[in-house]
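Enquirer: okay, structure incoming, though there's no sequence with it:
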């Protein structure tokens, strides 16, 4: 795999070219604490070029000091990757599934289908207000990937259903695709449960079946 | 180049200023008063900085406190971080507070600082002995006159603009101007504050170079935005607080305020807590009426 460096504010993102191809790109987004390397081995058939992104603080991307992570910042990571690869179908695992879903709503004309798979960080945090535990140190792993602050903060980021259903509706209304979201994960935390009921969201579908549908668009 | 200066009646720069390392982010800390006096933490709001307490803090010092404040990451003289977030602000606050004392201490917090510190007080009640929230009690805001499809369009536009901005964030910078320009710009957000005060603030919260004055606030930070956070969550956390609580609310809406009304806030005041509504005062209650507000707080703390 070759790496292209992309700048997101003070962070240098690593975008991996998994393989060449003809046609629309496929962008792979990893789970919490994971990296593009594991996404590259995902068994799938796709004719276009395949890319895999390391989110901020993960894999070969750089680690910011002092945390401050949010899913929205990772959505911006994905958006910066999309500007490089162009129109793409997006596949995400775990946290990457949530980010794939968010960017499908935020950039509906660029994302030609988002496929959501099981993986680390799929659930996220509570859907309600919670009291957070006092954490004042990330321990001795500070500065390495995966950034411990990413693991702490992104494992408890709030994903209220009213927020996620809004993104589902933005994807449907803005993409011109009948079913821009494919839920191919077996586990359904509250945010997934909420969007499963939305129009434009395919459920009970495999990764390859979803990719075949999106490849035909 | 000799920097321009301004003075303002009653304003005193802190007695001690230093940088605290909060998990790799340099946080500028300020102290007014004697180190031997009991600690009181003073917390500023979003897009603000600790220098806005230059009149208010000395009034609390006169009540016998060592007043400690800090610039939030990306604000004032604190380091511009790569990432910003609610949890990070809480963690930075805890880091600064822990460097001063391990004991519970009173907290006086304004605007977003109030909402952040209420979450800290909810999760770590053993760190805060008494809580004063100055117009930082957000409540659920509605846009009843905006149809659903228009709200979705507004959100889509907002997200798109934010994402576009992230592409350019690495090269963003604050627009320079004269001291008077910056004071006038800030005046649009603080329409009730005097131009003399705003010009004084420029000399603290901005820096001067050969191109003029620029606010120190990290240019990658944007006012407003979107996200999963719901204002009403702050109400839920407020209701759960167990330490003595005083809430202060002005009645005049301002651009930097939350737009919370007494009727929205009252049901969520914690048991035994108190809400004081100050008529004909805007969001910066402690700046408009520093003597009145400091007396109310000192009485509450006593």
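Expert: That came through, no problem. Note that the structure is predicted; figures quoted are calculated from it, not measured.
Enquirer: contacts for the worst-scoring helix or strand of chain B on mean pLDDT next, please.
Expert: Within chain B, confidence by mean pLDDT, DSSP states H and E is lowest for helix B:148-168 among all helices and strands, at a mean of 83. Contacts to helix B:148-168, defined as Cβ atoms under 8 Å, 6 or more residues apart in numbering or on different chains, come from residues A:8-9, A:72, A:75-76, A:79-80, A:83, A:105-107, A:166, A:169-170, A:173-174, B:143, B:146, B:172, B:222, B:224-226. (Each C-beta comes from the backbone N, C-alpha and C, glycine too.)
Enquirer: taking these, please make a ChimeraX selection of just the buried ones.
Expert: Only the buried entries of the contacts of helix B:148-168 go into this ChimeraX selection, using 16 or more other Cβ atoms under 10 Å in any protein chain shown:
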select /A:8,9,72,75,76,79,80,105,106,107,166,169,170,173,174 /B:226
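Enquirer: return the subset of the contacts of helix B:148-168 lying in helices.
Expert: Counting by DSSP state H, the contacts of helix B:148-168 place A:72, A:75-76, A:79-80, A:83, A:105-106, A:166, A:169-170, A:173-174 in helices.
Enquirer: export the residues you listed to CSV and tack on distance to residue A:23 and pLDDT?
Expert: Conversion of those to CSV gives the following (distance: Cβ to Cβ, whole Å; pLDDT from 0 to 100):
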residue, distance to residue A:23, pLDDT
A:72, 30, 96
A:75, 25, 98
A:76, 26, 97
A:79, 21, 98
A:80, 22, 98
A:83, 19, 97
A:105, 24, 97
A:106, 23, 97
A:166, 31, 93
A:169, 29, 95
A:170, 26, 96
A:173, 26, 94
A:174, 22, 95
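Enquirer: so which of the residues you listed are also by chain B?
Expert: Among those, the residues lying close to chain B (Cβ under 8 Å from any Cβ of the partner chain) are A:72, A:75-76, A:79-80, A:83, A:105-106, A:166, A:169-170, A:173-174.
Enquirer: what's the closest of these to residue B:51?
Expert: Taking Cβ to Cβ as the measure, residue B:51 lies nearest residue A:72 of these, at 29.7 Å.
Enquirer: for stretch B:125-144, what is the average pLDDT?
Expert: Model confidence over stretch B:125-144, given as mean pLDDT, is 83.
Enquirer: ugh, wrong one, stretch B:29-48
Expert: When pLDDT is averaged over stretch B:29-48, the result is 97.
Enquirer: check which residues of it are buried.
Expert: The neighbour-count check on stretch B:29-48 (16+ other Cβ under 10 Å) flags B:29-33, B:38-48 as buried.
Enquirer: swap in stretch B:11-26?
Expert: B:11, B:14, B:15, B:20, B:22, B:23, B:24, B:25, B:26.
Enquirer: before we move on, what about stretch A:41-48?
Expert: Neighbour-count burial for stretch A:41-48, with 16+ other Cβ under 10 Å as criterion, is recorded at A:42, A:46, A:48.
Enquirer: nearest to chain A: which residue in the stretch 151-300 of chain B?
Expert: residue B:233 (3.4 Å; Cβ to the nearest Cβ).
Enquirer: that residue: how many residues sit nearby?
Expert: For residue B:233, the count of nearby residues is 21 (other Cβ atoms under 10 Å in any protein chain shown).
Enquirer: in space, what's closest to it - neighbours in sequence excluded?
Expert: Once flanking residues are discounted, residue B:233 sits nearest to residue A:129: 3.4 Å by Cβ to Cβ, 6 or more residues apart in numbering or on different chains.
Enquirer: how about the helices in the chain?
Expert: I went with chain A, as the question did not name one. A:36-40, A:71-85, A:95-106, A:148-154, A:161-175, A:190-196, A:207-215.
Enquirer: was after chain B, sorry
Expert: With DSSP H as the criterion, chain B has helices spanning B:56-61, B:86-100, B:112-123, B:148-168, B:179-189, B:195-205, B:231-239, B:262-265, B:285-288, B:290-301.
Enquirer: helices or strands up against the third one?
Expert: Just to be clear, that refers to helix B:112-123. strand B:39-43, helix B:86-100, strand B:105-110, strand B:128-134, helix B:231-239 (3 or more Cβ pairs under 8 Å, 6 or more residues apart in numbering or on different chains; DSSP states H and E).
Enquirer: got JSON lines for those, with distance to residue A:211 too?
Expert: JSON lines is the format used below for the helices and strands packed on helix B:112-123 (distance: least, Cβ to Cβ, whole Å):
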{"stretch": "strand B:39-43", "distance to residue A:211": "50"}
{"stretch": "helix B:86-100", "distance to residue A:211": "36"}
{"stretch": "strand B:105-110", "distance to residue A:211": "50"}
{"stretch": "strand B:128-134", "distance to residue A:211": "51"}
{"stretch": "helix B:231-239", "distance to residue A:211": "38"}
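Enquirer: of all these, which lies closest to residue A:31?
Expert: Nearest of the helices and strands packed on helix B:112-123 (Cβ to Cβ): helix B:86-100, 20.1 Å.
Enquirer: so what touches the closest one?
Expert: If you take Cβ under 8 Å, 6+ apart as the criterion, helix B:86-100 is touched by A:66-68, A:132, A:134-136, A:153, B:20, B:22-23, B:25, B:27, B:29, B:39, B:41, B:43, B:68, B:70, B:72-73, B:81, B:105, B:116-117, B:119-120, B:123-124, B:127, B:229.
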